[in-house]
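A.B. asks: this one's sequence-less:
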DNA sequence: TGCGTTGCTGTAAACGTTTACGGATGGGAT
DNA sequence: ATCCCATCCGTAAACGTTTACAGCAACGCA
């Protein structure tokens, strides 16, 4: 792995100074003859500029980091999928941090900004602690947070409105005649957990349905936990006729348990998930799910960050992405689901719904490998 | 965003030279008193070392890139999931390149190594052209290729054995009494496409089954394409009793089409996918799939790269990952699938199977938000 | 007293760029 | 012939580190 040529090598080779080489390579006005000699030397030597040196001088790395809990989660994945091309088009490389939802890790990432290995950061914390707020305030590079953050935090913020999201789902279930609507949540001390719990109560209120503790079970955002929670629910309240699940994984667990228990979905129990991930369309019956616009949130975050990178002193901005309900078989049955078309399980190239189309891509391009 | 303190600021603040500061911060032997003053100043000023400057001097970036066609593909995702923690544990950051399976893009990434923004690269090309081989030979940093590459390429290589993989699937189907086993492939000019096509012929041979052109359909590796291909197949050869699909997405498309056509899976038609992605366990009926060990391949690649980074002049090494068959309901029916347990649709935290467990993680940790 | 050690520190060069500044050259105007 | 200006280019400094080297002080020993 021979040491590559530098601007110096080229200068010697072309018989000019390094300043001239740099000028030519950066397209600054230079005498024709010099340009030719430099380009020829560069070509011959296979010169490639060293981005580290360039970064040191220019104070820009052309890299942006995305930090989330776990890249394995389809929600974050949908975001990465949108973020990547946006950044790439603007000339940025994307760096990935999986924090395992570990608060200390998240803070490390924020502090790490001081190392200047990226120009900016998109982060999606599961919990927002005091530590987060002060680290955000002290951050040495622009940060965009996905997930609600207090007004005063001074960072660009992309939110979703889980209140409305849960509301959409419950209205839908109510409209289908369901009255015993249970709720399976993830940990209450996470941002989404807390928001969704509150949203559930409010939505019940709005529908004049009573809040029944027996109908609420708290577990974790995983499939196995979802299954466990649903088993507990069925034991306790056998008469539930609908399940509102705080994310799609929980809902998938629910489908398994219901199947085993011999309850038909949706005839006996309707199931709604949340996040509208790829999995929702693949499940059987296909899963009605509240889309919180992961793709749109990802794109918005990337765009906010790019804007901020070009215009450092703007006021922090808050973008809110409206939820939508993707109606599928788990609430209206397979037959009817077909008619909703758009969201149906069949025919679409495995994408999660809105994001891809909004981005102006075709289903074909969106398809996976 | 005030300019952060540098080693110079600290030196002035502590009344010592920058060399001393550097020594203290790097733990080189220094007088007690100096150490204290430097650390104190660093603390007070909130000093964070600039990684760009450090990289320039040390010629190491502590970054590694992973280049694949599309991060949205669950196969690559499974790899990222394994690669990330391995690299992270060794102190490397992970950079992601989505190349959209574009040959020019892939070559750009290889040439980009000359910019030295990463110490190494893990790449998984969909096609391997002459251009790839020469770019690999000229690469300015260590590269590990996932996917077969000719012996002479001079790079570390992680392979799978799709021959055996397809063989496992066909043996399984044959064992279940299936004799009209169709094959739905992706583009023949891709590395996996070509390999799987050849493997199908061989496996038929080994089973003494005739090769029937009518039973082969070529489309693309997407779900919609899979659906289209299967419709064509059914029109042409209504008597198929098994479908070997070249990846899980195709298989999902197949499940949809079969359901619509009123063919029961697996009673009328058994379906096998390939790659054993997360989706296989979620589908209904859950999908029997050939695991090509994406997770294991990812980990192996990361380990090869790390090894090479520490030991640059080693001979290139080839690691081959053995395929396995994950038997689920789409071939043996839901009842029997339960008994295979391990691979069943229920209970596991949405992971793709082997990878997570091999890595010594628990299902809980693995789970998706 | 002088010299060699030892232990610590500071100076300066280096990594590979970009860029401010000034010097050289040549042409046109006076 | 002189002066001015424009054009092009080279020198050198700077970005923030690491590190080779040399200097210095204190000390032990002859």
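C.D. replies: Perfect, I can see it now. Please read all numbers here as calculations on a predicted model, not as lab measurements. Numbers count the residues shown, from 1 in each chain, chains lettered A, B, ... in the order given.
A.B. asks: In contact with the residue nearest the centre of chain A, which residues?
C.D. replies: Residue closest to the average C-alpha location in chain A (C-alpha atoms, centre = their mean): residue A:79, at 3.2 Å. Neighbouring residues of residue A:79 by C-beta atoms under 8 Å, 6 or more residues apart in numbering or on different chains: A:66, A:68, A:124, A:146, A:294-295, A:297-298, A:301. Glycine gets a C-beta too; all of them are placed from N, C-alpha and C.
A.B. asks: That one should be in a helix, yeah?
C.D. replies: Yes: according to DSSP: H, G, I helix; E, B strand; the rest coil, residue A:79 belongs to a helix.
A.B. asks: Now do the strands in the stretch 151-300 of chain A.
C.D. replies: Here the stretch 151-300 of chain A has its strands, by DSSP state E, counting those that start in this stretch, at A:156-160, A:181-185, A:216-218, A:242-245, A:270-274, A:288-291.
A.B. asks: I'd like these written out as a markdown table, with mean neighbour count and mean pLDDT added.
C.D. replies: Shown next, in a markdown table, are the strands of the stretch 151-300 of chain A (neighbours: other C-beta atoms under 10 Å in any protein chain shown; pLDDT from 0 to 100):
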| stretch | mean neighbour count | mean pLDDT |
| --- | --- | --- |
| strand A:156-160 | 24 | 96 |
| strand A:181-185 | 25 | 97 |
| strand A:216-218 | 19 | 96 |
| strand A:242-245 | 30 | 98 |
| strand A:270-274 | 29 | 98 |
| strand A:288-291 | 30 | 98 |
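A.B. asks: Quick one: these as JSON lines, columns for distance to residue B:322 too.
C.D. replies: Output for the strands of the stretch 151-300 of chain A, formatted as JSON lines (distance: least, C-beta to C-beta, whole Å):
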{"stretch": "strand A:156-160", "distance to residue B:322": "43"}
{"stretch": "strand A:181-185", "distance to residue B:322": "39"}
{"stretch": "strand A:216-218", "distance to residue B:322": "41"}
{"stretch": "strand A:242-245", "distance to residue B:322": "37"}
{"stretch": "strand A:270-274", "distance to residue B:322": "36"}
{"stretch": "strand A:288-291", "distance to residue B:322": "37"}
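A.B. asks: Can you check which of those strands gets nearest to residue B:261?
C.D. replies: Closest to residue B:261 of those is strand A:288-291 (C-beta to C-beta; 24.7 Å).
A.B. asks: Can you point out the buried residues in stretch A:234-249?
C.D. replies: A:234, A:237, A:240-249 (16 or more other C-beta atoms under 10 Å in any protein chain shown).
A.B. asks: what's the first-to-last distance across it?
C.D. replies: Terminal residues of stretch A:234-249 are spaced 18 Å apart (C-alpha to C-alpha, to the nearest Å).
A.B. asks: is chain B contacted by it?
C.D. replies: Yes: against chain B, stretch A:234-249 shows contacts by C-beta under 8 Å from any C-beta of the partner chain at A:247, A:249.
A.B. asks: Tell me the confidence at residue A:361?
C.D. replies: With respect to pLDDT, residue A:361 scores 28.
A.B. asks: So the residue nearest to the centre of chain A versus residue B:42, what's the distance?
C.D. replies: Distance, residue A:79 to residue B:42, using C-beta to C-beta, to the nearest Å: 36 Å.
A.B. asks: now swap in residue A:156 and tell me
C.D. replies: Counting by C-beta to C-beta, the separation of residue A:156 from residue B:42 is 30 Å.
A.B. asks: List, one by one, the residues from the stretch 101-250 of chain A near chain B.
C.D. replies: Contact residues, the stretch 101-250 of chain A versus chain B (C-beta under 8 Å from any C-beta): A:101, A:111-112, A:114-117, A:126, A:138, A:140-141, A:186, A:220-225, A:227, A:247, A:249.
A.B. asks: Can you tell me which of these are buried?
C.D. replies: Judged by 16+ other C-beta under 10 Å, buried ones among these: A:101, A:112, A:114-117, A:126, A:140-141, A:186, A:220-225, A:227, A:247, A:249.
A.B. asks: so is residue A:94 in a helix, a strand, or just coil?
C.D. replies: Per three-state DSSP, the local secondary structure of residue A:94 is strand.
A.B. asks: repeat for residue A:118
C.D. replies: With three-state DSSP as the basis, residue A:118 sits in coil.
A.B. asks: number of nearby residues for it?
C.D. replies: The number of residues packed near residue A:118 is 25, by other C-beta atoms under 10 Å in any protein chain shown.
A.B. asks: isn't it right next to residue A:141, touching?
C.D. replies: Yes: assessed by C-beta atoms under 8 Å, residue A:118 is found in contact with residue A:141 at 6.5 Å.
A.B. asks: And the pLDDT for whatever residue of the stretch 201-350 of chain A ends up closest to DNA strand D?
C.D. replies: Relative to DNA strand D, the nearest point of the stretch 201-350 of chain A is residue A:312 (16.4 Å; C-beta to the nearest atom of the strand). pLDDT for residue A:312: 79.
A.B. asks: Now do the same for it: helix, strand or coil?
C.D. replies: Classified using three-state DSSP, residue A:312 is coil.
A.B. asks: Break chain A down into its structural domains.
C.D. replies: A:7-49, A:63-158+A:295-316, A:162-293+A:324-346 (automatic domain parsing).
A.B. asks: Compare those domains and give me the one nearest DNA strand C.
C.D. replies: Closest approach to DNA strand C among the domains of chain A (C-beta to the nearest atom of the strand): domain A:7-49, 3.2 Å.
A.B. asks: Can you show me the helices along the stretch 151-300 of chain A?
C.D. replies: Counting by DSSP state H, counting those that start in this stretch, the stretch 151-300 of chain A has helices at residues A:162-175, A:191-206, A:223-236, A:248-260, A:278-282, A:294-310.
A.B. asks: okay if I get those as a markdown table plus distance to residue B:87?
C.D. replies: Converted to a markdown table, these look like this (distance: least, C-beta to C-beta, whole Å):
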| stretch | distance to residue B:87 |
| --- | --- |
| helix A:162-175 | 34 |
| helix A:191-206 | 28 |
| helix A:223-236 | 27 |
| helix A:248-260 | 26 |
| helix A:278-282 | 26 |
| helix A:294-310 | 23 |
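A.B. asks: Including distance to DNA strand D, could those go into a markdown table?
C.D. replies: Putting the helices of the stretch 151-300 of chain A into a markdown table (distance: least, C-beta to the nearest atom of the strand, whole Å) gives the following:
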| stretch | distance to DNA strand D |
| --- | --- |
| helix A:162-175 | 42 |
| helix A:191-206 | 34 |
| helix A:223-236 | 44 |
| helix A:248-260 | 43 |
| helix A:278-282 | 43 |
| helix A:294-310 | 18 |
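A.B. asks: and of those, who's closest to residue B:263?
C.D. replies: Closest of the helices of the stretch 151-300 of chain A to residue B:263 is helix A:278-282, at 18.8 Å (criterion: C-beta to C-beta).
A.B. asks: by contact count, what packs against that closest one?
C.D. replies: Counting contacts by 3 or more C-beta pairs under 8 Å, 6 or more residues apart in numbering or on different chains; DSSP states H and E, helix A:278-282 packs against helix A:74-89, helix A:248-260, helix B:278-282.
A.B. asks: What residues sit buried inside the first one?
C.D. replies: Residues of helix A:74-89 classed as buried under the neighbour-count rule (16+ other C-beta under 10 Å) are A:74-88.
A.B. asks: Can you tell me which of these is closest to DNA strand D?
C.D. replies: residue A:87 (24.2 Å).
A.B. asks: check contacts around the closest one.
C.D. replies: Contact analysis of residue A:87 by C-beta under 8 Å, 6+ apart lists A:64, A:93-94, A:302, A:305-306.
A.B. asks: one step back: in JSON lines: the strands of the stretch 151-300 of chain A, plus distance to DNA strand C.
C.D. replies: As requested, the strands of the stretch 151-300 of chain A are exported to JSON lines (distance: least, C-beta to the nearest atom of the strand, whole Å):
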{"stretch": "strand A:156-160", "distance to DNA strand C": "27"}
{"stretch": "strand A:181-185", "distance to DNA strand C": "53"}
{"stretch": "strand A:216-218", "distance to DNA strand C": "54"}
{"stretch": "strand A:242-245", "distance to DNA strand C": "53"}
{"stretch": "strand A:270-274", "distance to DNA strand C": "48"}
{"stretch": "strand A:288-291", "distance to DNA strand C": "44"}
